[in-house]
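> quick one: sequence and predicted model below, then my questions.
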Amino acid sequence: MVRQTIDTIIIGGGLSGLYAAWLLTQKNMPFVILEARGRMGGRILTAEHHGFFPDLGPSWYWPEINPKMMQLIQTLGLKGYRQFEQGKGRFETSNGLVQTVRGYSTEPVSWRLTRGMTGLITTLMEKIPHGSIRLDSPVCEIEKKKNHVLVNVGEPEEMPKAQFRAPRVILALPPRLAAATILFTPDLSHNLTQAMLRMGTWMAGQAKFYALYPEACWRQTGLSGQAFSQRGPLGEIHDGSNRDQVPFGLTGFLNIPAAQRNDEKAITRAILTQLAAIYGPSAAQPTQFYYQDWAKEKYTATQFDQPSNEHPLYQPPAGQTAIWDGMVQMAGSETADQHGGYLEGALASAARAVANA
Ligand SMILES: Cc1cc2nc3c(=O)[nH]c(=O)nc-3n(C[C@H](O)[C@H](O)[C@H](O)COP(=O)(O)OP(=O)(O)OC[C@H]3O[C@@H](n4cnc5c(N)ncnc54)[C@H](O)[C@@H]3O)c2cc1C
């Protein structure tokens, strides 16, 4: 069994864990990142299609209200472009009637990263010490000892695959997921556990689609690509094109409950039929199509996570940003007291956890 002692253990290699790692690197503090999946990025997931990068997780940032994101994007030398929103919108009623409606600009204005959100992840990874990331390392147990914390990697109820010890741990994953899947010894208080379980993971119950085309047929008829539907399977659609060249794209979210999204082929067929009804027949023939169901990702969602249009008011669970006398600091976007659930919140929570560690 692998055993390692280190200054800081970061659990989770999403944006908050990786940003915390970069901040520690700047302070010359050694750390290891334990990431459950075989890839970094967590909810940031971007495909690639001939040099275009469709985001299957987050795609927007909001320069007017995201100062930390803006600073990071600038420091990492990444470029962005404004979400296309010119033209009229479409609205589909529950019985399938499609109407053209007034288009609108999002307020504050939404931007996308030119090479996809994954640019944040790949560029940050280049800036931390080689060998500090351990993929395929799901943490199953965290145990408090007198002056350090033991972190076991492996599947619950089995012999750990690896064990790490450190005086400090940064827990950089959604609180609900941590409370539902990691054994804490000694037990966390009842209040804290309940507060963590109640805190829905933002977008964890969602599924997202992305369709790419050689031409933007909707723009040619004066449509912005924005659409809302009461019928589904898509509830919300946007233009997801490359800045101003091929490929053009439509992207958006499903509005059916996670438990009813079992037949991916049937859902895909229904999405293409719906796109044709809203934008015309050529919308049913994308050159490339992506479908990502986040509710099926065991390192993002639990059975409690469902699609929701309401953004919860996030704050540290039970008012706590740390446990066990500060030995375990909580990061993860949902623990931020501002912009919780968003990329900006992931950065803010990581900065707070590193400052307090
Ligand atoms: C479809 C979708 C669209 C979104 N759109 C936007 C948007 O447009 N703008 C925006 O600002 N935000 C958006 N978000 C939210 C945004 O993605 C998150 O705020 C952000 O990525 C959270 O980062 P995080 O590091 O806090 O958490 P996560 O990205 O969830 O990272 C947690 C990490 O911990 C790992 N992990 C889990 N369990 C364990 C374990 N036991 N041991 C070790 N590792 C573990 C996971 O694999 C993951 O890598 C969207 C999210 C989704 C899913």
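Alright, I've got the coordinates. Residues are numbered from 1 along each chain as shown.

> how's the chain carved up into domains?
2-42+121-202+311-356, 67-115+205-296 (automatic domain parsing).

> now the terminal residues of the longest one, how far apart.
Right, domain 2-42+121-202+311-356. Distance between the boundary residues of domain 2-42+121-202+311-356 (CA to CA, to the nearest Å) amounts to 28 Å.

> mean confidence for it?
Across domain 2-42+121-202+311-356, pLDDT averages out at 97.

> and that domain, is it in reach of the ligand?
Yes - for domain 2-42+121-202+311-356, a contact with the ligand is found by CB under 6 Å from any ligand atom, at 11-17, 34-37, 42, 138-139, 172-174, 177, 181-182, 202, 332-333, 341-343, 345-346. Quick note: C-beta positions are derived from backbone N, CA and C, even for glycine.

> tell me if I'm right that Phe184 and Val149 touch.
No - applying CB atoms under 8 Å, one finds Phe184 not in contact with Val149, separated by 10.1 Å.

> identify the contacts common to those two.
142-143 (CB atoms under 8 Å, 6 or more residues apart in numbering).

> chain neighbours aside, what residue packs nearest to the residue nearest the centre of the chain?
The centroid of the chain falls nearest to Arg43 when counting by CA atoms, centre = their mean (2.6 Å). Once flanking residues are discounted, Arg43 sits nearest to Gly57: 4.5 Å by CB to CB, 6 or more residues apart in numbering.

> does the residue lying farthest from the centre of the chain count as helix, strand or coil?
What lies farthest from the middle of the chain is Lys146; by CA atoms, centre = their mean that is 34.8 Å. The three-state label given to Lys146 by DSSP: H, G, I helix; E, B strand; the rest coil is coil.

> and stretch 307-316, what's buried?
307, 314-316 (16 or more other CB atoms under 10 Å).

> same question for stretch 212-219.
Neighbour-count burial for stretch 212-219, counted by 16+ other CB under 10 Å, picks out 212-213, 216-219.

> list the ones among those that fall in strands.
Per DSSP state E, strands hold the following members of the buried residues of stretch 212-219: 212-213.

> with respect to Arg102, which of the buried residues of stretch 212-219 is nearest?
For the buried residues of stretch 212-219, the closest approach to Arg102 (CB to CB) belongs to Trp218, at 15.5 Å.
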